[in-house]
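*Asks:* The following block contains a protein sequence and its predicted model.
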Amino acid sequence: MTESKEQEAREESPALGRTGVWTLVITSVAGFMASLDNLVVTTALPSIREELGGGLSDLEWTVSAYTLSFAVLLMFGAALGDRFGRRKIFLAGLTLFTVGSAAAALSPGIGALIAARAVQGAGAAISMPLTLTLLTAVVPAAKRGMAFGIWSGVNGLAVATGPLVGGSLTEHFSWQWIFWVNVPVGLVLIPLAALHLRESRGASPSLDAVGTLLVSGGMFGVVLGLIRGNPDGWTSPLVLSSLTAGAVLLVGFVLYEQYGARHPMLPMRLFRSRSFSMINASGLLMFLGMFGSIFLISQHLQTVGGYSPQEAGIRMLPWTGMPLLISPFAGALADKIGGRWIVFAGLVVQSLGLGLYALINDNLDHFEYGPVVPAVVLCGAGMSLYFAPMATLVMDSVRPEEQGIASGANNALREVGGALGVAVLAAVFSAQGGFGTEQSYVDGMIPALYVGAGVILLGAVCAFLLPRRPQPAPAGPASAGEPADAAAEPVRI
């Protein structure tokens, strides 16, 4: 059977099949590991400082080293997979992540831990964007909503439960276990992936080296500036130079991809598709509001509520546990009615939840957990509805051979949104309040959460502007080097 006939058979098949199930399990667990380590270290920082020493800046870099290398290398990982084989590069990234986790657990000092965290982030960046393309290649079109809903729900759960997992492991074992836990999982996943994943490649015959350097350097500058903005000051030389250089390099990347690249790693014509542009814009805005809000609310439960990290994490379960309950069903529903309205509803509901959390605390004389439960539930339900069809909308917004780089671009934008969310909402918090007293914390958190709610609501507007049916960008020459025979009539959206 030819490749095209095999593809048609998969599109028409009503079931995932054995390969599809294995691919879903492997990619979901790998994505969970990569997403979990974004925030898992935050609640372990006091224990790390007590054992390894280091100042405040060192502890910040323990968190930021992972985020920085993860965000910078996401598109590079996707490009490597398209060029050299997605299964092969996925295995390399998973191996690097596992090695980095072991090195972090064995770190004798704070400098070694920071370096190991950077290695972890690089491994996650190389493997994470390939999980979706590997899954898309084997899941029938009729089942992708359900499969992507499970994948997205597991990843959303990982992001939201990072502080709980880190706090629980640190409290009952030691901080090293937040890294050791990745090692046996990685050692099991690597042979399973080698055995059960199918190899696939993108359409580009060569690696876009100049584009890779430009976008990686640009992302490094922007994310570094965002990470260091609050601790160093937004007008500090490091922050200003990083943001400026990053912006210049990203502009250079756009111009090079548009006019100079023979085989662009991110064809700019993709953004001519309203589907691709709006789903990525909504993802960036959603992560901006969500990351910053989770950071502040988890601290609020500890600082004002008086709960331990584990107790605070348990009280976040009405939010963090929702993806496992709702996302698979929402994904299956998206298969029937489309994902546009589900994403829109999810963002609206999450925005309402954040606004309600702020409103309730603005009218409480003393914090009580009971009154805020409905707001936390709304946040979890909204996040779950968003995650369920998001991956389907991203992958359907491009042609099959472009899904690898589309996944990398989507993940990179969401990481930037997360870094920006913590920076922006923390800046609002610092301007209006602080950690001095319980009341000053509430005074800073309330306006920050309103900002987060407004940003997510803006993401809902982007989701509303999605076309009723996902429409890939036209296959036309987007740069000087793209072949003219790829041209097609533009898609009307």
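*Replies:* All right, it came through fine. Numbers count the residues shown, from 1 in each chain.

*Asks:* Next, the distance between the ends of stretch 170-189.
*Replies:* With Cα to Cα, to the nearest Å as the measure, stretch 170-189 spans 25 Å from end to end.

*Asks:* Mind listing residues that contact that stretch?
*Replies:* By Cβ atoms under 8 Å, 6 or more residues apart in numbering, the residues outside stretch 170-189 that reach it are 26, 29-30, 33, 37, 40-41, 43-44, 47-48, 51, 94-95, 97-98, 101-102, 104-106, 116, 120, 165-166, 169, 308-310. For every residue, glycine as well, the C-beta is placed using N, CA and C.

*Asks:* Just the buried residues of these.
*Replies:* By neighbour count, with 16 or more other Cβ atoms under 10 Å, the contacts of stretch 170-189 hold 26, 29-30, 33, 37, 40-41, 43-44, 47-48, 94-95, 97-98, 101-102, 104-105, 116, 120, 165-166, 169, 309-310 as buried.

*Asks:* So which of the residues you listed are in strands?
*Replies:* In strands, judged by DSSP state E, none of those are found.

*Asks:* Which ones among those residues lie within helices?
*Replies:* Under the assignment DSSP state H, those contribute 26, 29-30, 33, 47-48, 94-95, 97-98, 101-102, 104-105, 116, 120, 165-166, 169, 309-310 to helices.

*Asks:* So what's the residue count around Thr212?
*Replies:* Thr212 sits with 17 neighbouring residues when counted by other Cβ atoms under 10 Å.

*Asks:* Would you agree it is in contact with Ala78?
*Replies:* No: the pair Thr212 / Ala78 is not scored as a contact, 10.3 Å apart, by Cβ atoms under 8 Å.

*Asks:* And the host helix or strand of Met383, what does it pack against?
*Replies:* Taking DSSP states H and E as the criterion, Met383 maps to helix 369-396. Contacts defined by 3 or more Cβ pairs under 8 Å, 6 or more residues apart in numbering; DSSP states H and E place helix 369-396 against helix 110-138, helix 144-172, helix 274-303, helix 317-320, helix 322-337, helix 340-362, helix 403-432.

*Asks:* Quick one: closest of these to Leu249.
*Replies:* helix 403-432 (13.8 Å; Cβ to Cβ).

*Asks:* any idea of the mean pLDDT for that closest one?
*Replies:* Regarding helix 403-432, the rounded mean pLDDT is 75.

*Asks:* Against which helices or strands is it packed?
*Replies:* Applying 3+ Cβ pairs under 8 Å, 6+ apart, one finds that helix 403-432 contacts helix 56-84, helix 110-138, helix 209-232, helix 274-303, helix 369-396, helix 438-464.

*Asks:* for these, which one sits closest to Val343?
*Replies:* Ranking the helices and strands packed on helix 403-432 by their distance to Val343 (criterion: Cβ to Cβ) puts helix 438-464 first, at 4.4 Å.

*Asks:* how far does the closest one sit from the chain's center?
*Replies:* 19 Å (Cα atoms, centre = their mean, to the nearest Å).

*Asks:* and it, what does it pack onto?
*Replies:* Where contact means 3+ Cβ pairs under 8 Å, 6+ apart, helix 438-464 is packed against helix 274-303, helix 340-362, helix 403-432.

*Asks:* Go through that helix and flag the buried ones.
*Replies:* Of the residues in helix 438-464, 441-442, 444-453, 455-460, 462-463 count as buried by neighbour count, 16+ other Cβ under 10 Å.

*Asks:* try stretch 362-380
*Replies:* Using 16+ other Cβ under 10 Å as the test for burial, stretch 362-380 gives 367, 372, 375-380.

*Asks:* Need the residues that contact that stretch.
*Replies:* Stretch 362-380 is touched from outside by 160, 293, 300-301, 304-305, 315-316, 318-323, 326, 349-350, 352-354, 356-357, 360-361, 438, 442, 446, with contacts defined as Cβ under 8 Å, 6+ apart.

*Asks:* just stretch 194-203 next, same as before
*Replies:* Under the contact criterion Cβ under 8 Å, 6+ apart, stretch 194-203 has outside partners 19, 22-23, 26, 81-88, 90-91, 133-134, 137-138, 401-402, 404-405.

*Asks:* Pull the distance from that stretch to the chain's centre.
*Replies:* Computed by Cα atoms, centre = their mean, the chain-centroid distance of stretch 194-203 equals 23 Å.

*Asks:* Need the CA coordinates for that stretch. PDB is fine.
*Replies:* Extracted as PDB, the C-alpha positions of stretch 194-203 are listed here (Å, rounded to 0.1, in the frame of the first residue of the first chain):
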ATOM      1  CA  ALA A 194      11.800   3.500  19.800                       C
ATOM      2  CA  LEU A 195       9.600   0.400  19.500                       C
ATOM      3  CA  HIS A 196       6.100   2.000  18.900                       C
ATOM      4  CA  LEU A 197       6.500   5.400  17.300                       C
ATOM      5  CA  ARG A 198       6.500   5.800  13.500                       C
ATOM      6  CA  GLU A 199       9.200   7.800  11.800                       C
ATOM      7  CA  SER A 200       8.100  10.800   9.700                       C
ATOM      8  CA  ARG A 201       9.800  13.900   8.200                       C
ATOM      9  CA  GLY A 202       8.800  17.400   7.100                       C
ATOM     10  CA  ALA A 203       8.800  18.600   3.500                       C
END
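
*Asks:* Buried residues, that stretch. List them.
*Replies:* Neighbour count says stretch 194-203 has 196-197, 200-202 buried, by 16+ other Cβ under 10 Å.

*Asks:* Against Val165, how distant is Phe220?
*Replies:* Note on Phe220: its distance to Val165, by Cβ to Cβ, to the nearest Å, is 28 Å.

*Asks:* nope, Ser47 is what I was after
*Replies:* To Val165, Ser47 is 14 Å away according to Cβ to Cβ.

*Asks:* try Ser298
*Replies:* In this view, Ser298 and Val165 are 12 Å apart by Cβ to Cβ.

*Asks:* neighbours around Glu415, how many?
*Replies:* Applying other Cβ under 10 Å, we find 25 residues neighbouring Glu415.

*Asks:* isn't it right up against Ser69?
*Replies:* No: the pair Glu415 and Ser69 fails to qualify as a contact (Cβ under 8 Å) at a distance of 10.4 Å.

*Asks:* Below-threshold pLDDT in the stretch 251-400 of the chain: ranges please.
*Replies:* 309 (pLDDT under 70).

*Asks:* How about the stretch 101-250 of the chain?
*Replies:* 141, 144-145, 156, 159-160, 202-206.

*Asks:* again, only using 90
*Replies:* Residues of the stretch 101-250 of the chain meeting the criterion pLDDT under 90: 109-111, 121, 124-175, 178, 181, 195-213, 215-235, 239.

*Asks:* Let me see the confidence value for Pro483.
*Replies:* Note for Pro483: predicted pLDDT of 40.

*Asks:* can you start the count at 447 instead of 1 from here on
*Replies:* Sure, I'll start counting at 447 from here, so that last one is Pro929.

*Asks:* Of the contacts of stretch 808-826, keep whichever come out buried.
*Replies:* 606, 739, 746-747, 750-751, 761-762, 764-766, 768-769, 772, 795-796, 798-800, 802-803, 806-807, 888, 892.

*Asks:* got the domain boundaries for the protein?
*Replies:* 463-653+711-920, 654-710 (automatic domain parsing).

*Asks:* Any idea how far the shortest one is from the middle of the chain?
*Replies:* Read that as domain 654-710. Distance, stretch centre to chain centre, for domain 654-710: 19 Å (Cα atoms, centre = their mean).

*Asks:* Alright, I will stop here.
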